[in-house]
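S.K.: Compute the structure for the input listed below.
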Amino acid sequence: MRFTFANIFAFGLIGTAVADNFANFFSDEDCNEDGSIGFDINNPGCFAQSGRHSVYIPNNGNPFSYQHCLVQTYDSGECNCQNAGYDFGASGYCHKLDGKAKSYRFISGFCDDNNC
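M.R.: Numbers count the residues shown, from 1 in each chain. Below you'll find the model as predicted:
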């Protein structure tokens, strides 16, 4: 089969259509109970999700996806510092959380050192 620009472009559109950039937080450790709305892993804004024990990291459909960090703040709902950070690639899986955080934010790149 001969690949042309049109074929490559069409495959790119299909890959983009199935990409998922939205993480969901859950009250249990297995990503099953009391799911939150989706939070865009490419949006560095702060959000309060107290008492969460797992997060479903989406599969964004890009095997060359760059690194992300989930910043966790324990004592504030305003993401004013980092108590814990979780480095990840968006490959579609459930990750357990310790349930201590009151707020979260996603950033691109690797996590910095904790600073609270």
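S.K.: hey, let's count contacts and neighbours off CA atoms from now on
M.R.: Will do.
S.K.: quick one: low-confidence parts of this structure?
M.R.: Low-confidence regions of the chain, defined by pLDDT under 70, span residues 1-18, 63-65.
S.K.: one more time with 50
M.R.: For the chain, the stretches with pLDDT under 50 are 1, 3, 5-11, 13-16.
S.K.: which residues touch stretch 67-82?
M.R.: Counting by CA atoms under 8 Å, 6 or more residues apart in numbering, the neighbours of stretch 67-82 from elsewhere in the structure are 41, 46-48, 83-90, 100-111, 113-116.
S.K.: For ChimeraX, what selects the buried ones among these?
M.R.: To isolate the buried ones among the contacts of stretch 67-82 in ChimeraX, judged by 16 or more other CA atoms under 10 Å, type:
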select :41,46,83,84,85,87,88,89,90,100,101,102,103,104,105,106,107,108,111
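S.K.: Only C-alpha atoms, please: export the helix or strand hosting Phe25 in PDB.
M.R.: Phe25 is located in strand 22-26, with elements delineated by DSSP states H and E. Taking C-alpha atoms only, strand 22-26 is exported to PDB below (Å, rounded to 0.1, in the frame of the first residue of the first chain):
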ATOM      1  CA  PHE A  22      -9.300  14.400  30.700                       C
ATOM      2  CA  ALA A  23      -8.400  12.800  34.000                       C
ATOM      3  CA  ASN A  24     -11.100  11.800  36.500                       C
ATOM      4  CA  PHE A  25     -10.700  11.600  40.300                       C
ATOM      5  CA  PHE A  26     -12.500   8.900  42.400                       C
END
